[in-house]
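Enquirer: dropping a prediction and its sequence here:
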Amino acid sequence: MNKFILNLLTVLIALFFTHCRNSGKKEFDKSTMFCGAENLSEDGVFFISRASRYGGRKGQSEEEAYEGKYSCLLYNGLKKGFQIELHDLIPGEIIEASVYRKSTTSNGYLTITTPDYSIFQNEKGSLGGKDADGWEKLILEIQVPFDLDSTKIPSLLIYVANPKPKTEKVYIDNLVVKRTPPNEKKEYKNEDVALVNIQIAETDYKQITRLRDQAFYQGVIGGEQKQEVPGILSYKGKNIGIKLRLKGDWGDHIVSKKWSFRIKTNKNQSFKGLKEFSLQNLKTRDYVNEWLVHEIFKEEDLLTTKYGFYPVKVNGNYLGVYALEEHFVKQLLESKDRREGPILKISEEGFWECNLYTRISKNLTNKPVYLAADIIPFKTKKTLKDERLRKQFLVAQNLMSNYKLGKDGHEEYMDVEKWAKAYALMSVLNVDHSFVWHNQRFYYNPVLSKLELITFDCYAGTREMIYRTPKILGNTDQTNLSDTHYSLLSIFNNKLFQKKYINYLKKYSNPEYLTNIFSKKDSIINEYQELISTDYEGYRFDKTIFLNSSKTIYNEINSYEKKLNNNEIKFTLKQEETNECYPEDIFEHISLNVYLDQQKPKTLSLINYHCSTIEVVGYESSKVKDSLVYFSSPLIIDQFKDNGIKKIQYSGNKPPKNVFYKQKGLDSLFDAKVYNWPRPISETMNNDAFKTPKLDELSKNYTIDKKKSCF
């Protein structure tokens, strides 16, 4: 090809691309795809740009346009637009898609997915809100797995969807898809804010990458992916030894290049006074909105985690601004002038196990997840080793059992004053995500012998609160509740709580309250907004979201108070019509719960939460490591029907670490961890339903299989 023809082709391509860009204001390199809604293919079926074809041509509209003459209107049954499929995927590459959207309800979302929708990510919230003409920019990023499996991800689809194409108009314009190679490193250029620099050995980083890819395919970060590796954190010239692992539950924590991490500092070291903390993607907690809620809770002497923002580099690659949040250790209590005491939660492992099972098998489950969920302390080893903390935990778990069951007399086991303040603020600030049982954390105050709520994890995703109408917690017509919702709302039956709750609703929804908060926090909000916008172009903190939420609650209080005064709201526990339990597969965390017996020495209490009958055959000897003590005959425990506790005896001075069981009629053995403390007191169990088998050291042949049968 001679030089003249080559130059001519170059000019023609440039003119074609410029025409598609309409105004010519943007310049893109070869790794960037761009198209508005201006040009159609010769057959009139697609939008076209740089020889790439985009779906949704039927939506070409002159009614609105962000740039140029046309946009794509998703309406009259047209659900998807600007769809393009990427086939030539590169392991580890970063794909960023952005689009401008206009709709009266901020409906319509940007999507990246696989053809079978097994991997599905979407974004409907904009970083900066709407401009003067009502347009807002959506941005979505995904990092292709380094261990790319073409059978699972043969290609990726990118498109914008309108979930209500028959009733609502959604206009879209100027789709941009940028692809960045995995080895392209970004440098940090802002010298005004100190950088958090993390170094991980190459072999350990590959291990983290492998685990991240596993979680990516699953869509859930399971316990198997939360393996720690060593590293070094450097900040302002100081090196701190750390252990690091992936953090989070859902895939939003690891889907982009900005993976979330849980970090523990080595002994006698800390970062900003923190021994354990998370560095997580800002998007997962809605940027500055999450930080503001934490600040308000601190103002009201309510327990919450420290929260802030830091630019982060990992192995020489600048990943952007991260949110830092402290973990649930004693420093959290000390900084809030609380005496050290146990921090607890209701175990969520079974909940995530069911989610993972459903994602992999495509089958639903109906297992007693909430009933089976254990009450456990953070820093279990330390809590049980310290006699004072152990005693406090035993009291605390009984109080937690009352909470879990929604028992009356809440003022006897809950700090009603602080609970009323917390729930009132959550209502005014339109907090929803932390008002879920598996997101809740609790502090046992040993001085008052009552539980306090630790509020965190308030929002889930970019501007997610604008898609949810603010509502007073407890103001609902649905009063016959499942066990998980009843535990959260039963306190609204308490007259003392109601009185305090109403008073705090009035205080926090008063227009002056948030106005004063913003007056105090405006300077640091502006600093954080500027820092975040260097990483997320166009990011803007929007205080009107909070002000509007507060106003809505303020206008709802009088009607709610009348309902309470007239006893119109009374929550009750729904009685399940069936005890149907499925599948029968062994789930490790919805399992055989085993505790030390509270009254009889050298006795274990067992509760079966499986959907099938099991046979407990023995336990791990405390005398000889990895040796099993078998019973002369197995202990039979029927499938789950909430039918009581069985008991077995053990030999030796120390309780066993594990009990072994099998499904009736099968040979594979499974193990259940023995909790080295008595079960929480609960009126739902029948204490008399037990028998004690005799011990026998006779050998039997079983196959040890610790894997869950559903995988």
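Expert: Noted; the coordinates are in hand.

Enquirer: for the helix or strand hosting residue 558, which positions count as buried?
Expert: For residue 558, the element it lies in under DSSP states H and E is helix 544-565. Neighbour counts over helix 544-565 (16 or more other Cβ atoms under 10 Å) mark 545, 546, 549, 550, 552, 553, 554, 556, 557, 560, 561, 564 as buried. For every residue, glycine as well, the C-beta is placed using N, CA and C.

Enquirer: test my guess that the fifth one contacts residue 470.
Expert: Translated: residue 552. Yes. With contacts counted by Cβ atoms under 8 Å, residue 552 reaches residue 470, the gap being 4.3 Å.

Enquirer: so what's residue 65 up against?
Expert: 36, 37, 71, 171, 173 (Cβ atoms under 8 Å, 6 or more residues apart in numbering).

Enquirer: which ones among those map onto helices?
Expert: In helices, judged by DSSP state H, none of the contacts of residue 65 are found.

Enquirer: quick one: which two of these are the most distant?
Expert: Largest separation among the contacts of residue 65 by Cβ to Cβ: 36 and 171, giving 11.5 Å.

Enquirer: got any residues that touch both of those two?
Expert: Listed contacts common to residue 36 and residue 171 are 65, 66, 71; contacts here mean Cβ under 8 Å, 6+ apart.

Enquirer: tabulate these (CSV), appending pLDDT and distance to residue 664.
Expert: Listed next are these as CSV, based on pLDDT from 0 to 100; distance: Cβ to Cβ, whole Å:
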residue, pLDDT, distance to residue 664
65, 97, 68
66, 97, 64
71, 97, 63
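
Enquirer: just the buried residues of stretch 529-547, please?
Expert: Residues of stretch 529-547 classed as buried: 531, 532, 533, 534, 535, 536, 539, 541, 542, 543, 545, 546 (neighbour count, 16+ other Cβ under 10 Å).

Enquirer: repeat for stretch 580-592
Expert: Across stretch 580-592, burial judged by 16+ other Cβ under 10 Å covers 581, 583, 585, 586, 587, 588, 589, 590, 591, 592.

Enquirer: please apply the same query to stretch 330-345.
Expert: Buried, per 16+ other Cβ under 10 Å, within stretch 330-345: 330, 331, 332, 333, 336, 338, 340, 341, 342, 343, 344, 345.

Enquirer: closest to residue 497 out of the buried residues of stretch 529-547?
Expert: Among the buried residues of stretch 529-547, and counting by Cβ to Cβ, the member closest to residue 497 is residue 546, at 24.6 Å.

Enquirer: spatially nearest residue to the closest one (excluding sequence neighbours)?
Expert: Leaving aside its chain neighbours, residue 546 sits nearest to residue 514 (5.9 Å; criterion: Cβ to Cβ, 6 or more residues apart in numbering).

Enquirer: which of the three states applies to the one you found?
Expert: helix (DSSP: H, G, I helix; E, B strand; the rest coil).

Enquirer: and it, what's its pLDDT?
Expert: Per-residue pLDDT puts residue 514 at 97.

Enquirer: same check, this time on residue 327
Expert: Residue 327 carries a pLDDT value of 94.

Enquirer: residues contacting it?
Expert: Per Cβ under 8 Å, 6+ apart, neighbours of residue 327: 262, 274, 276, 277, 278, 305, 378.

Enquirer: buried residues in stretch 451-470, which are they?
Expert: Neighbour count says stretch 451-470 has 451-466, 470 buried, by 16+ other Cβ under 10 Å.

Enquirer: verify the stated contact: residue 420 with residue 495.
Expert: No. If you go by Cβ under 8 Å, residue 420 and residue 495 don't touch, sitting 11.8 Å apart.

Enquirer: which one's more surrounded, the two?
Expert: Neighbour count, other Cβ atoms under 10 Å: between residue 420 and residue 495, residue 420 has more, with 23 against 10.

Enquirer: phi first, then psi, for the nearest residue to that one once chain neighbours are set aside.
Expert: Distances taken as Cβ to Cβ, 6+ apart place residue 500 nearest to residue 420, at 3.7 Å, with adjacent residues excluded. Reported as degrees, to the nearest 10, the phi and psi values for residue 500 are phi -70, psi -40.

Enquirer: I'd say residue 500 and residue 417 touch.
Expert: Yes. Under the criterion of Cβ under 8 Å, residue 500 makes contact with residue 417 at 6.0 Å.

Enquirer: check which helix or strand the closest residue to residue 55 other than its chain neighbours maps to.
Expert: Of all residues not flanking residue 55 in the chain, residue 83 sits nearest, at 3.6 Å (Cβ to Cβ, 6+ apart). Using DSSP H and E, residue 83 maps to strand 80-86.

Enquirer: against which helices or strands is whichever helix or strand comes after that strand packed?
Expert: The helix or strand immediately downstream of strand 80-86 is strand 94-102, counting by DSSP H and E. On a contact count with 3 or more Cβ pairs under 8 Å, 6 or more residues apart in numbering; DSSP states H and E, strand 94-102 meets strand 109-113, strand 136-143, strand 156-161, strand 170-180.

Enquirer: and strand 94-102, what's buried?
Expert: 94, 95, 96, 97, 98, 99, 100, 101, 102.

Enquirer: hey, what's the first one bridged with?
Expert: What that stands for is residue 94. Beta-bridge pairing of residue 94, defined through DSSP bridges, involves residue 143, residue 180.

Enquirer: isn't it right up against residue 255?
Expert: No. With contact defined as Cβ under 8 Å, residue 94 does not reach residue 255; the gap is 10.8 Å.

Enquirer: hang on, the earlier thing: which stretch among the helices and strands packed on strand 94-102 comes nearest residue 326?
Expert: Closest to residue 326 of these is strand 136-143 (Cβ to Cβ; 26.5 Å).

Enquirer: contacts for that closest one next, please.
Expert: Counting by Cβ under 8 Å, 6+ apart, 92-102, 106, 109-112, 121-130, 156, 160, 182, 255-258, 536, 538 sit against strand 136-143.
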